[in-house]
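K.L.:
Have a look at this fold, sequence not included:
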């Protein structure tokens, strides 16, 4: 990982980049360090894109989102804004206060500051969700496969009886990583599931803390989801770069 002045949380650089872009700094760029090679530069504008610039996994998820919708890890709120435009009942939530501020500025209705590990996904007195969205590699917020199992338990507890989770992730084996998948949950050379990557965000020379970020392949997703209590897991869209959209239902 790179050396620089460090921010207090892993996601602080992202929060700063979102605020700067919303304030008019259209050249804001987030740098993502990882263990697979050279760091990747990600334009902050990527989080503000309109539906015409969204990949198929996201546009299909928006088409299938029905009922009361929770957009978890909503970022700058681009998916929630499009759902609002269509007249959907959607609540956007994110762990970053900067993201909530940006969503408010963009016109997202009632965005919530929410840490799924510490707060319920359904507020007292609310009905459960018909659709929960986890987009832009939604499982990444869980960090690890163990964390993903915990996240799935939270999702099940927040879903209506016939509710669904729509999430996208990437099959790292398909994009060319040198990992041999096993029939059971595969492990990397150091004992980690190979989709558990170590990352660190940087913005304007300031680094956040290193953090684990999870990419889960469809077969492991199906296995873990069924263990958690979901009755069905299906892949709805596959893209050539290994990214896919899946639907989990009870």
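P.N.:
Ah, there it is. All of these numbers come straight from a predicted model, not from anything done at the bench.
K.L.:
list the buried ones in stretch 228-245?
P.N.:
By neighbour count on 16 or more other C-beta atoms under 10 Å, the buried set for stretch 228-245 is 228, 230, 233, 236-238, 242-245. No exception for glycine: its C-beta is placed from N, CA and C like everyone else's.
K.L.:
actually stretch 213-233, sorry about that
P.N.:
Buried residues in stretch 213-233 (16+ other C-beta under 10 Å): 213-225, 228, 230, 233.
K.L.:
Low-confidence regions, the chain specifically.
P.N.:
The chain contains residues with pLDDT under 70 at 1-8, 175-189.
K.L.:
Apply 90 and report the result again.
P.N.:
Applying pLDDT under 90 to the chain picks out residues 1-9, 34-37, 172-192, 194, 232, 241.
K.L.:
Tell me which stretches of it form helices.
P.N.:
In the chain, the helices defined using DSSP state H lie at 12-22, 56-64, 78-85, 97-106, 145-158, 218-228.
K.L.:
These into a markdown table, with extra columns for distance to residue 35?
P.N.:
Shown next, in a markdown table, are those (distance: least, C-beta to C-beta, whole Å):
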| stretch | distance to residue 35 |
| --- | --- |
| helix 12-22 | 18 |
| helix 56-64 | 25 |
| helix 78-85 | 29 |
| helix 97-106 | 26 |
| helix 145-158 | 17 |
| helix 218-228 | 19 |
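K.L.:
returning to what we had before: restricted to strands, list the buried residues of stretch 228-245.
P.N.:
Secondary structure from DSSP state E places 233, 236-238, 243-245 of those in strands.
K.L.:
Show me the two of those that sit farthest apart.
P.N.:
Spatial extent of those (C-beta to C-beta) is set by the pair 233 and 243 at 16.4 Å.
K.L.:
hang on, the earlier thing: state the pair within the buried residues of stretch 213-233 that is farthest apart.
P.N.:
For the buried residues of stretch 213-233, the maximum inter-member distance is 22.4 Å, found between 213 and 230 (C-beta to C-beta).
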